[in-house]
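J.: Provide a 3D model corresponding to the input given below.
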Amino acid sequence: MKNLFLVSYFTLLSLFAFGQEPIYAKDGIALEGYDVVSYFEGTPMKGEKGFASEFEGVTFWFANADHLMDFEKAPLKYLPQYGGFCAYAMGKSGEKVSVNPETYLISNGKLYLFYDTLFVNTLKKWNKEGPEALQQKADDNWEAFQQ
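T.: Now for the predicted structure:
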């Protein structure tokens, strides 16, 4: 029953929103305005409009000029996996699900983001159910979206 609820919930979320966007964005701003470089320094921070860069048709905000320059030198280094959509949902069901930008994992130099609310923390599920298998399945599902 719990799994049915989760699948239904993820499906409902994906219907609301994100179309075929390659990067999770609300109102054209990636990751709800969080600075993608800041994750790699250990603390996600909100960016500012004054430090903005566009990539793949989406605007990224940064906390400072150094982060902006780092991103512009090597954007692919900082982009989250699966376009910033929930890594767990991508691996479990192949769905594009929104995330809580503060629920994340850096693994092997890559940024993974997860859905997290009062009732469901998919980062915990990711770790419990086996990150290696979920990551492989998520990679395959994301690849299918790119074709």
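J.: Which strands and helices lie in contact with the lengthiest helix in the chain?
T.: Longest helix in the chain, counting residues (DSSP state H): helix 131-146. When contacts are defined as 3 or more Cβ pairs under 8 Å, 6 or more residues apart in numbering; DSSP states H and E, helix 131-146 sits against helix 87-92. From N, CA and C alone the C-beta is placed, and that goes for glycine too.
J.: which residues does the most centrally placed residue in the chain contact?
T.: Centroid-nearest residue in the chain, with Cα atoms, centre = their mean: Gly84, separated by 2.1 Å. Counting by Cβ atoms under 8 Å, 6 or more residues apart in numbering, Gly84 makes contact with Ile23, Tyr24, Ala25, Ala30, Leu31, Val99, Leu113.
J.: Any figure for the gap between the third one and Thr122?
T.: Looking back up the chat, that one is Ala25. Going from Ala25 to Thr122 by Cβ to Cβ, to the nearest Å gives 19 Å.
J.: So between these two, which is more surrounded?
T.: Neighbours per residue (other Cβ atoms under 10 Å) separate Ala25 from Thr122, with Thr122 holding more: 26 against 20.
J.: excluding its backbone neighbours, what's nearest that one?
T.: Tyr88 (3.6 Å; Cβ to Cβ, 6 or more residues apart in numbering).
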